[in-house]
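> no letters, just coordinates:
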């Protein structure tokens, strides 16, 4: 497989931002309209520097090339980049609350080759080590298959308002990590 994971740093942000845009545009064409993806890239999708600062966001590289990114959080915000309003950085209680799986994006040319799974397994392992028994996430429609294959159970689809009369659909999902 050749996938190596490392902690993301703020120096990675320009490359990760470009990857996120390529991933969203390249892997969402069957589920979202271009206007939805463009709207989501203005807030719902994007870099969350809190994850980088918390050292819970990872870069996946394959043979030295950027292959994907993703992370987890011990904070309340469920999804969205720095540009998304209404974020909540309060810490979660692992005894009663679920860790958040956050901001997974894969280089389109590297999709369906284990990048997302490697990132997800690393995040789940770290959340368990921090005392979390459950994880939850807000899945994009293209991400549903990955998460379902890894044991996540979906709830009712939700619509997120992107502004300018546009919205995008997500599916909340959760998993028992024990």
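That came in fine, so what should we check first? Keep in mind it's a predicted model, so treat the numbers as computed, not measured. Residues are numbered from 1 along each chain as shown.

> go ahead and flag the most central residue of the protein.
residue 103 (2.0 Å; CA atoms, centre = their mean).

> where do the strands sit along this protein?
Ranges of strands within the chain are 3-7, 57-62, 65-73, 99-106, 134-140, 153-154, 158-163, 166-176, based on DSSP state E.

> parallel or antiparallel, list what pairs with the first one.
In this case it means strand 3-7. When pairing is defined by DSSP bridges, strand 3-7 lines up against strand 57-62 (antiparallel).

> can you list the buried residues in the partner strand?
57, 58, 59, 60, 61, 62 (16 or more other CB atoms under 10 Å). For glycine as for every other residue, the C-beta is placed from the backbone atoms N, C-alpha and C.

> what's the answer for stretch 60-70, then?
60, 61, 62, 66, 67, 68, 69, 70.

> I'd like these as JSON lines, with pLDDT and distance to residue 88 appended.
Shown next, in JSON lines, are the buried residues of stretch 60-70 (pLDDT from 0 to 100; distance: CB to CB, whole Å):
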{"residue": "60", "pLDDT": "98", "distance to residue 88": "27"}
{"residue": "61", "pLDDT": "97", "distance to residue 88": "31"}
{"residue": "62", "pLDDT": "94", "distance to residue 88": "34"}
{"residue": "66", "pLDDT": "97", "distance to residue 88": "29"}
{"residue": "67", "pLDDT": "98", "distance to residue 88": "30"}
{"residue": "68", "pLDDT": "98", "distance to residue 88": "26"}
{"residue": "69", "pLDDT": "98", "distance to residue 88": "22"}
{"residue": "70", "pLDDT": "98", "distance to residue 88": "20"}
